[in-house]
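Student: Below: sequence and its predicted model.
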Amino acid sequence: MESIKEILEKIQALWNTNLEIFQMLKTWKTKYEEIINFIDKFFTIVPYEIIFLFFFVALFMVLLNNISPTTPRINLTVGVVIFSVMYLYIINIFTNQWKILRILYVDSFILVPAYLVEISRLIKKTWYKIKFKELSANSSYFQASLAEVHKAYADLLISEINFSKNPENFITSLSNLETKIQTLKVGIQQIISKSSKEST
């Protein structure tokens, strides 16, 4: 009777072990499917060519940075251009198509982050240039405030001549100039923020 009980316990332990193994395999299968789904979704957004581009540019940068270490961004751009030309040529051989838009999209994953600071500075500079052009051309407030700043500066120069006789007048003129500049600055910032809100 004891031997039968031991056999049943061993069978039960073996069954439990098999259940654990099956459960572990099921968990691995689920994880594997999740990884495959993630990779599929990832490569629908990020093209697979980006991997080849990264490897090529990395090797090219190692080579070029030894020759010209002071121009890493230019080296990066040259590497991307060379890869793009090679990619277009090879793809054209096999498919007889020029996938220019595709390679530009791939290149943007490297070039846009590399030039993001310069692009943002250029956009900001252009935006401010347009806004200040509108202000100088159309805003009577801007013209009047700027004229007051010029007048306050002229008063400061006049008071500088008599500084030794009347230093209080110089300090007053300096404070007046500072006030006029601050008023103009605040006014311009308000006009720019207002116009940016209207544009959005």
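Tutor: That came through, no problem. Numbering: from 1, shown residues only.
Student: rest of the way, CA atoms for contacts and neighbours
Tutor: OK.
Student: residue ranges with poor pLDDT in this structure?
Tutor: For the chain, applying pLDDT under 70 flags the ranges 1-16, 18, 131-139, 141, 191-192, 194-200.
Student: And the residue nearest the centre of the protein?
Tutor: Closest to where the C-alpha atoms of the chain average out (C-alpha atoms, centre = their mean) is residue 116, at 4.8 Å.
Student: Is the residue nearest to residue 169 when sequence neighbours are not counted within a helix or a strand, and which one?
Tutor: Closest residue to residue 169 apart from its sequence neighbours, by C-alpha to C-alpha, 6 or more residues apart in numbering: residue 159 at 6.2 Å. Element membership of residue 159, judged by DSSP states H and E, is helix 140-161.
Student: Give me the contacts around that helix.
Tutor: The contact list for helix 140-161, computed with C-alpha atoms under 8 Å, 6 or more residues apart in numbering, reads 135-136, 166, 169-170, 173-174, 176-177, 180-181, 183-184, 188.
Student: Filter those residues down to the buried ones and hand me the ChimeraX line.
Tutor: Command for ChimeraX that selects the buried part of the contacts of helix 140-161, burial taken from 16 or more other C-alpha atoms under 10 Å:
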select :135,169,170,173,174,176,177,180,181,184,188
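Student: Mind picking the two most distant members of the contacts of helix 140-161?
Tutor: Taking C-alpha to C-alpha as the measure, the contacts of helix 140-161 span a maximum distance of 37.9 Å, between 135 and 166.
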